[in-house]
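Chemist: Fold the following, please.
(chains A and B)
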Amino acid sequence: AQSVTQLGSHVSVSEGALVLLRCNYSSSVPPYLFWYVQYPNQGLQLLLKYTTGATLVKGINGFEAEFKKSETSFHLTKPSAHMSDAAEYFCAVSDEDAGGTSYGKLTFGQGTILTVHP
Amino acid sequence: EAGVAQSPRYKIIEKRQSVAFWCNPISGHATLYWYQQILGQGPKLLIQFQNNGVVDDSQLPKDRFSAERLKGVDSTLKIQPAKLEDSAVYLCASSSGTSGVQETQYFGPGTRLLVL
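Modeler: Below you'll find the predicted structure:
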């Protein structure tokens, strides 16, 4: 069974500082990994996803994430935080089951709330 | 392009009452998902449709929850009777249904349910 762990339910940074949100996954097969962002009272919006190929993935709003198979990690970073980045961020994994069936089911982590201080 | 629409946005009911949520996916999307997001947790998949067929309802509490997707477009999720622990945000998402495990899911704004 697949699972996702996000280290730190709350992260606080100053405007202009580096943003680092941590995500570790557990999957018995090569995973597909996603980061979603949720603004207050809104649905989730895709930031970026890793499927195959280059392990450094660039997304919207200056975010990027690196897939590290040896560390089973997919941490999200942004070099310089902006006030508008304040939101909740979710890491998710999707993979095939043992029979090779895939229905695109996402398993989410518990989320990390990012606060940006002026 | 219009996004995923959900209604109502908010609902307050008393326990043991029934409630229904509606979702209209992005036009042409074959796959539709219902998630439950309890405060402080990530979304949890309740049910997944491919067109009008169910492909995964393993986490749907079938004694009280039901869902349908007539004609493979709109979907409704019903809870009857509601319990206090059903208080959550119910998110609907859709995807094209052509890329399997790599699918990008597009989420609606959610329905916030409070059971008193």
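Chemist: what's the neighbour count on the residue nearest to residue B:97 when sequence neighbours are not counted?
Modeler: Closest residue in space to residue B:97, ignoring its immediate chain neighbours: residue B:30 at 3.0 Å, by Cβ to Cβ, 6 or more residues apart in numbering or on different chains. No exception for glycine: its C-beta is placed from N, CA and C like everyone else's. As a burial measure, residue B:30 scores 15 neighbours (other Cβ atoms under 10 Å in any protein chain shown).
Chemist: ok, now how distant is residue B:30 from residue B:68?
Modeler: 16 Å (Cβ to Cβ, to the nearest Å).
Chemist: what's the pLDDT at residue 96?
Modeler: Defaulting to chain A. You'll see residue A:96 listed with a pLDDT of 62.
Chemist: ah, no, chain B please
Modeler: 86.
Chemist: residues contacting it?
Modeler: B:28-31, B:103 (Cβ atoms under 8 Å, 6 or more residues apart in numbering or on different chains).
Chemist: need the residues of chain A near chain B, please.
Modeler: A:4, A:9, A:32, A:34, A:36, A:41-46, A:49, A:51, A:90, A:92, A:94-96, A:102-111 (Cβ under 8 Å from any Cβ of the partner chain).
Chemist: Helix, strand, or coil at the residue nearest the centre of chain B?
Modeler: Here the mean C-alpha position of chain B is nearest to the C-alpha of residue B:34 (Cα atoms, centre = their mean), at a distance of 2.6 Å. Under DSSP: H, G, I helix; E, B strand; the rest coil, residue B:34 falls in the strand class.
Chemist: got it, and residue A:61?
Modeler: Residue A:61 ends up helix, using three-state DSSP.
Chemist: how many neighbours does it have?
Modeler: 12.
Chemist: what's the nearest residue to residue B:92 if we skip its chain neighbours?
Modeler: Residue B:92 sits nearest to residue B:23 (Cβ to Cβ, 6+ apart), 3.5 Å away.
Chemist: Narrow the contacts of residue B:96 to those in strands?
Modeler: residue B:31 (DSSP state E).
Chemist: which one of the contacts of residue B:96 is nearest chain A?
Modeler: Comparing the contacts of residue B:96 against chain A with Cβ to the nearest Cβ places residue B:103 closest, at 3.9 Å.
Chemist: For that closest one, give me its contacts.
Modeler: Counted by Cβ under 8 Å, 6+ apart, residue B:103 has contacts A:94, A:104, B:31, B:95-97.
Chemist: any idea of the pLDDT on it?
Modeler: 77.
Chemist: and the gap between it and residue B:43?
Modeler: 15 Å.
Chemist: just for chain A, where's the confidence low?
Modeler: Scanning chain A for pLDDT under 70 picks out the ranges A:1, A:28-29, A:95-103.
Chemist: At which residues are the helices of it located?
Modeler: When secondary structure is read from DSSP state H, chain A shows no helices.
Chemist: Now do the strands in it.
Modeler: So, for chain A - with DSSP E - the strands run A:3-7, A:10-14, A:19-26, A:32-38, A:44-50, A:56-58, A:64-68, A:73-78, A:87-94, A:107-108, A:112-117.
Chemist: Identify whichever of those strands lies nearest to residue B:64.
Modeler: strand A:107-108 (22.7 Å; Cβ to Cβ).
Chemist: Spatially nearest residue to residue A:65, not counting backbone neighbours?
Modeler: residue A:76 (4.8 Å).
Chemist: can you check residue A:7 too?
Modeler: residue A:22 (4.1 Å).
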